[in-house]
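> predicted model, plus sequence, below.
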Amino acid sequence: MNTETLKIKKNKHNLNGFTIDDIGDDHLLTGLETPMKKDAFKLSDSDKKERITFLFEEIMDVLGLDLTDDSLKGTPQRVAKMYVDEIFAGLNPANKPKIALFDNKYKYNQMLVEKNITFYSNCEHHFVPIIGKAHVAYISSGKVIGLSKLNRIVQYYAKRPQVQERLTNQIANELKTILNTNDVAVIIDAKHLCVSSRGIKDDTSSTVTTFYGGEFNSADKIRELQHYINTSG
Ligand SMILES: [Zn+2]
């Protein structure tokens, strides 16, 4: 048995007495932070790409694919590059967007809503896409943020293996910290390809998650926010 197989055997996670088969497609959420190993960044990005290339080649080989075929031979390397540089780049804090704040010179004191932010993420239980829209809002506590930065924060946290509940809370938490206020709201409406393209194969359902902090906990504010989101811009 090689070391990789051993590792998988040993990793019979503590799942509260359930097996992975018992849990099936029901998604578990274990915490706000993305579960990372302590030595997550011991390997450089190029070492990670080299290792993933090797391992993905193994997966394709086990599936019986002919890696000498011209169409397939570059795939392991492409997947490795895509994982590290693109779709999972948000695992690395070095890729976190640098955010500059400005004084709220206009004394704008109503909610600001950035809506319909399209994002692509991946379900951490199946490693297939989550495609959705995020709407984020805040009320300034004295500072304002560049609008594109709201978009960048959403994209950064989306570029991780995710569960939608955690993605929602991670975005909200980041906004609260950066803007120094609890008055933030995040609404996410997303399709999970692990639900629509396989498993239960429900093509029409989508999942909505919300975070309402501070001022956004009032029924009036939620109604106002919903109104802006539902009005076409
Ligand atoms: Zn899934």
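Ah, there it is.
> for Asp183, see how far away the closest residue to Thr181 other than its chain neighbours is.
Distances taken as Cβ to Cβ, 6 or more residues apart in numbering put Ser141 closest to Thr181, at 3.8 Å, once the chain neighbours are dropped. From N, CA and C alone the C-beta is placed, and that goes for glycine too. Distance from Ser141 to Asp183, counting by Cβ to Cβ, to the nearest Å: 7 Å.
> for the lengthiest strand in the chain, list every residue counted as buried.
Longest strand in the chain by number of residues (criterion: DSSP state E): strand 111-123. Within strand 111-123, the residues scored as buried using 16 or more other Cβ atoms under 10 Å are 111, 113-115, 117, 119, 121-123.
> where does Leu55 land in three-state SS?
helix (DSSP: H, G, I helix; E, B strand; the rest coil).
> distance check, it against the ion.
For Leu55, the distance to the ion (Cβ to the ion, to the nearest Å) stands at 21 Å.
> can you get me a residue count around that residue?
A count of nearby residues for Leu55, using other Cβ atoms under 10 Å, gives 14.
> would you map the helices across the chain?
Assignment of helices within the chain using DSSP state H yields the ranges 3-10, 20-23, 45-62, 75-81, 147-158, 164-179, 193-196, 219-230.
> show me what Lys191 is bridged to.
When bridges are called by DSSP bridges, Lys191 pairs up with Ile131.
> Provide the backbone phi and psi angles at the closest residue to Leu72 other than its chain neighbours.
Nearest residue to Leu72 in three dimensions, chain neighbours excluded: Leu65, at 5.7 Å (Cβ to Cβ, 6+ apart). Backbone geometry at Leu65, expressed as degrees, to the nearest 10, gives phi -80, psi 150.
> from the ion, how far out is Leu65?
The value you get for Leu65 to the ion, if Cβ to the ion is used, is 24 Å.
> would you mind naming what in this protein lies close to the ion?
Counting by Cβ under 5 Å from the ion, the positions of the chain adjacent to the ion are 123, 125-126, 194.
> can you put those in JSON lines and add pLDDT?
As requested, the residues of the chain next to the ion are exported to JSON lines (pLDDT from 0 to 100):
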{"residue": "Cys123", "pLDDT": "96"}
{"residue": "His125", "pLDDT": "94"}
{"residue": "His126", "pLDDT": "94"}
{"residue": "Cys194", "pLDDT": "91"}
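> residues in contact with stretch 197-210?
Residues from elsewhere that reach stretch 197-210 (Cβ atoms under 8 Å, 6 or more residues apart in numbering): 25, 126, 128, 132, 164-165, 167-168, 185-192, 195-196.
> and those, which of them are buried?
Buried subset of these (neighbour count, 16+ other Cβ under 10 Å): 126, 132, 164-165, 167-168, 185-192, 195-196.
> so which of the residues you listed is the closest to the ion?
Closest approach between the buried ones among the contacts of stretch 197-210 and the ion, by Cβ to the ion: His126, at 3.8 Å.
> report the contact partners of the closest residue to that closest one other than its chain neighbours.
In space, and not counting its chain neighbours, His126 is closest to Cys194: 3.9 Å by Cβ to Cβ, 6+ apart. The contact partners of Cys194, by Cβ under 8 Å, 6+ apart, come to 25, 123, 125-126, 128.
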